[in-house]
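1. the following block contains a protein sequence and its predicted model.
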Amino acid sequence: MMTNNDIFKKLRVALMLRDDQIIEILELVDFRITKSELGAFFRDEKHENYMECGDQVLRNFLNALVIHLRGTKENPKNPNDVLAKHKAQIPSKEGSKERPEFKAKPRDEEKSRGDEAPSKSRPATKSTKKKEYPKGNSKPQVVEKVKFNFGKNKKS
């Protein structure tokens, strides 16, 4: 069964909300919470400052989230616009656009290196040969044939 903390975490991730945005959303229904109290909900259960998210906090968050996404009767909003705004506020990783994309070199360029001339006599692909075994023996014997008597005396 999912706990209130699990539900709160999944909502936070799905909506891509930061702590300060959650605090602003909760203020829409006049529910005030500090950043440290909010952070305690998202900690590991074994952490000493972990706190269980109560029903009141989750209920107020869900009610405030409805107002945040849909707006009020007097001032309605489009939820898709609000979610798009959240996506736009997420900072992109630095250097992600500056780094050139990796492109694999064609096979011929890999074979022709600057320090040695490519060999024309070699085939492009290696052909695999089957190992030839002596006649009558399809596989080499790894272990010699040994008869074990498992501690029983040999009858004469």
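-> Happy to help now that I have it. Numbers count the residues shown, from 1 in each chain.

2. for the rest of this, base every contact and every neighbour count on C-alpha atoms.
-> Will do.

3. what is the rounded mean pLDDT of stretch 62-69?
-> What stretch 62-69 shows for mean pLDDT is 90.

4. how about it, which residues are buried there?
-> Across stretch 62-69, burial judged by 16 or more other CA atoms under 10 Å covers 62, 64-65, 67-69.

5. can you tell me which of the residues you listed is closest to Phe31?
-> Nearest to Phe31 among the buried residues of stretch 62-69 is Ala64, at 9.0 Å by CA to CA.

6. isn't the closest one right up against Glu24?
-> No - Ala64 lies out of contact with Glu24 (CA atoms under 8 Å); the separation is 9.3 Å.

7. in helices, which of the buried residues of stretch 62-69 appear?
-> Using DSSP state H, 62, 64-65, 67-69 are the members of the buried residues of stretch 62-69 that sit in helices.

8. which other helices and strands contact whichever strand or helix holds Asn60?
-> Assigned by DSSP states H and E, Asn60 belongs to helix 55-70. Helix 55-70 sits against helix 4-15, helix 19-27, helix 79-89, with contacts defined as 3 or more CA pairs under 8 Å, 6 or more residues apart in numbering; DSSP states H and E.

9. recalculate using a threshold of 6 Å.
-> With contacts defined as 3 or more CA pairs under 6 Å, 6 or more residues apart in numbering; DSSP states H and E, helix 55-70 has these neighbours: helix 19-27.

10. list the buried residues of the helix it packs on.
-> 22-26.

11. which helix or strand lies directly C-terminal to it?
-> Per DSSP H and E, helix 19-27 leads on to helix 35-41 as the next helix or strand towards the C-terminus.

12. where does pLDDT dip in this protein?
-> Where the chain drops to pLDDT under 70, the residues are 90-143, 146, 148, 154-156.

13. against Gly39, how distant is Leu28?
-> 19 Å (CA to CA, to the nearest Å).

14. Arg18 now?
-> Taking CA to CA as the criterion, Arg18 is separated from Gly39 by 11 Å.

15. returning to what we had before: contacts for the helix holding Asn60?
-> For helix 55-70, the surrounding residues in contact (CA atoms under 6 Å, 6 or more residues apart in numbering) are 25-26, 28-29, 76-77, 79.
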